[in-house]
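Asks: Can you look at this prediction? I've put the sequence above it.
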Amino acid sequence: MNNLFDIQQFQQFDNLELIAREVVEGFITGLHRSPFHGFSVEFAEHRQYNQGESTKHIDWKLFARSDRLYVKQYEEETNLRCQLVIDTSSSMLFPYEKGKKNLFNKLAFSVYSAAALMYLMRKQRDSVGLTLFSDHIEFHSENRLSSVHAELLYGKLAGLLTSSKEDLRKTTNTIEALHQIAEQVHKRSLIIIFSDMMDEGKEDELFSALQHLRYNKHEVILFHVTDHKQEREFDFKNRPYRFVDLESGEQLKFSPSELRENYQKAVRAYFENLKVKCGQYHIDLVEADINADFKQVLYRFLQKRKKLY
């Protein structure tokens with residue numbers, strides 16, 4: 001599975017860890033065939049399989065290529081502490097379909113991306129924590145490596161994939177959430193944020209909160225999650241639409257062609273300013289399009305990890 005389109009074809013599978021594994025295994029297979037095969041993705045090395053031992057860690061894909069049984073040997077120590085942070089405000093439910101279990105929106109993309117990252121990190125013996133926020137911190141766990149802890153986090157992530165009326169009108173307070181995270185994550189960590197950054201009119205305060213993370217010695221990757229087709233390009237058919245703010249409920253009715261040019265200019269200016277500010281604070285900004293593959297997230301994480309370790 002490479003993207004949300006693929007996952008939609010397998011909606012009967014509710015096991016988030018299984019989906020995460022499929023995403024990561026497919027990514028790793030592609031990575032090994034690419035010019036970037038130098039990344040240490042899953043394990044330290046192979047050794048030959050000894051008859052009678054557990055088959056749990058046999059590399060079956062390598063067996064298919066070589067017709068020999070090898071076992072993956074993993075690193076023993078935790079290499080990296082990581083905190084996954086997901087914006088769960090109502091704007092993340094875009095594109096929103098009333099009354100449906102929608103697996104194609106910004107929140108679903110963030111959940112599957114975070115689950116895949118968690119699966120990949122645990123393969124590399126990295127400890128993982130999770131923070132969910134809207135206008136307040138909804139859930140926060142310290143980073144740990146245990147299987148029990150991973151099951152808890154997968155459960156919390158899976159719960160975000162079923163939205164209800166209560167999930168609408170949830171506003172965003174990214175600023176306060178980031179300040180709290182900066183104080184609650186005590187040891188130097190890699191903070192990975194999934195958000196559409198919809199804190200209107202508070203740019204200076206928002207960047208101050210991001211700077212707080214850096215001041216506390218954390219490394220930061222900000223995945224700016226958007227539907228590029230609709231939110232960046234304003235690609236709607238030329239007919240009247242009723243646009244509804246998922247956080248405030250405010251409604252506007254107009255034809256997209258009336259505002260498209262001005263809208264695109266304003267959006268480009270906002271994103272350019274975001275890019276410049278993140279560059280000044282040494283924050284890795286990644287434009288994450290929900291229509292694209294998850295590899296855009298996994299590869300940027302590996303790039304960052306390689307620089308750090």
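Replies: Now that the structure is in, tell me what you want to look at.

Asks: Flag the shaky bits of the stretch 1-150 of the chain, pLDDT-wise.
Replies: Residue ranges of the stretch 1-150 of the chain with pLDDT under 70: 1, 10-14, 31-47, 73-78, 98-102.

Asks: redo that, cut-off 80
Replies: For the stretch 1-150 of the chain, applying pLDDT under 80 flags the ranges 1-2, 5-14, 29-50, 52-54, 56-57, 62, 65-68, 70-79, 97-103.

Asks: got it, and the stretch 151-300 of the chain?
Replies: Checking the stretch 151-300 of the chain against pLDDT under 80 turns up 163-169, 198-203, 248.

Asks: can you rerun that using 70?
Replies: 164-167, 200-201.

Asks: how about the helices in it?
Replies: Using DSSP state H, counting those that start in this stretch, the helices found in the stretch 151-300 of the chain span residues 174-184, 203-215, 260-280, 295-308.

Asks: Output these as CSV; include the columns distance to V23 and mean neighbour count.
Replies: All C-beta spots, glycine's among them, are computed from the backbone N, C-alpha and C. Compiled in CSV, the helices of the stretch 151-300 of the chain are given as follows (distance: least, C-beta to C-beta, whole Å; neighbours: other C-beta atoms under 10 Å):
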stretch, distance to V23, mean neighbour count
helix 174-184, 25, 19
helix 203-215, 27, 17
helix 260-280, 26, 13
helix 295-308, 8, 18
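
Asks: With distance to K229 as added columns, please give those in CSV.
Replies: Below are the helices of the stretch 151-300 of the chain laid out as CSV (distance: least, C-beta to C-beta, whole Å):
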stretch, distance to K229
helix 174-184, 24
helix 203-215, 25
helix 260-280, 12
helix 295-308, 15
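
Asks: Out of those, which is closest to R232?
Replies: For R232, the closest of the helices of the stretch 151-300 of the chain is helix 260-280, at 6.0 Å, according to C-beta to C-beta.

Asks: and the angle from the closest one to helix 203-215?
Replies: Counting by axes from the mean of the first three to the mean of the last three C-alpha atoms, to 10 degrees, helix 260-280 lies at 30 degrees to helix 203-215.

Asks: just checking, what packs against helix 260-280?
Replies: In terms of contacts (3 or more C-beta pairs under 8 Å, 6 or more residues apart in numbering; DSSP states H and E), helix 260-280 is packed against helix 203-215, strand 219-226, strand 284-289.

Asks: Tabulate these in a markdown table, adding columns for distance to G249.
Replies: Shown next, in a markdown table, are these (distance: least, C-beta to C-beta, whole Å):
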| stretch | distance to G249 |
| --- | --- |
| helix 203-215 | 23 |
| strand 219-226 | 21 |
| strand 284-289 | 27 |
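
Asks: Relative to F254, which of those is closest?
Replies: It is, among the helices and strands packed on helix 260-280 and with distance given as C-beta to C-beta, strand 219-226, at 20.9 Å.

Asks: any idea how far Y112 is from I86?
Replies: 11 Å (C-beta to C-beta, to the nearest Å).

Asks: Please apply the same query to L213.
Replies: With C-beta to C-beta as the criterion, L213 and I86 are 15 Å apart.

Asks: Go through the helices of the stretch 151-300 of the chain and name the closest to V225.
Replies: helix 295-308 (9.6 Å).

Asks: Which secondary structure elements does the closest one sit against?
Replies: helix 16-32, helix 106-123, strand 190-195, strand 219-226, strand 284-289.

Asks: starting at the chain centroid, how far to the longest one?
Replies: Per C-alpha atoms, centre = their mean, to the nearest Å, the displacement of helix 106-123 from the mean C-alpha position of its chain is 6 Å.

Asks: Convert that helix to CSV, retaining C-alpha atoms only.
Replies: Provided in CSV are the C-alpha atoms of helix 106-123 (Å, rounded to 0.1, in the frame of the first residue of the first chain):
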residue,chain,number,x,y,z
LYS,A,106,-5.9,15.2,6.2
LEU,A,107,-6.4,13.4,9.5
ALA,A,108,-6.5,9.9,8.0
PHE,A,109,-3.3,10.7,6.0
SER,A,110,-1.6,11.9,9.2
VAL,A,111,-2.8,8.8,11.2
TYR,A,112,-1.6,6.3,8.5
SER,A,113,1.7,8.2,8.1
ALA,A,114,2.3,8.3,11.9
ALA,A,115,1.4,4.6,12.2
ALA,A,116,3.9,3.7,9.4
LEU,A,117,6.6,5.9,11.1
MET,A,118,6.0,4.2,14.4
TYR,A,119,6.3,0.7,12.8
LEU,A,120,9.6,1.8,11.1
MET,A,121,11.0,3.3,14.2
ARG,A,122,10.3,0.2,16.3
LYS,A,123,12.1,-1.8,13.7
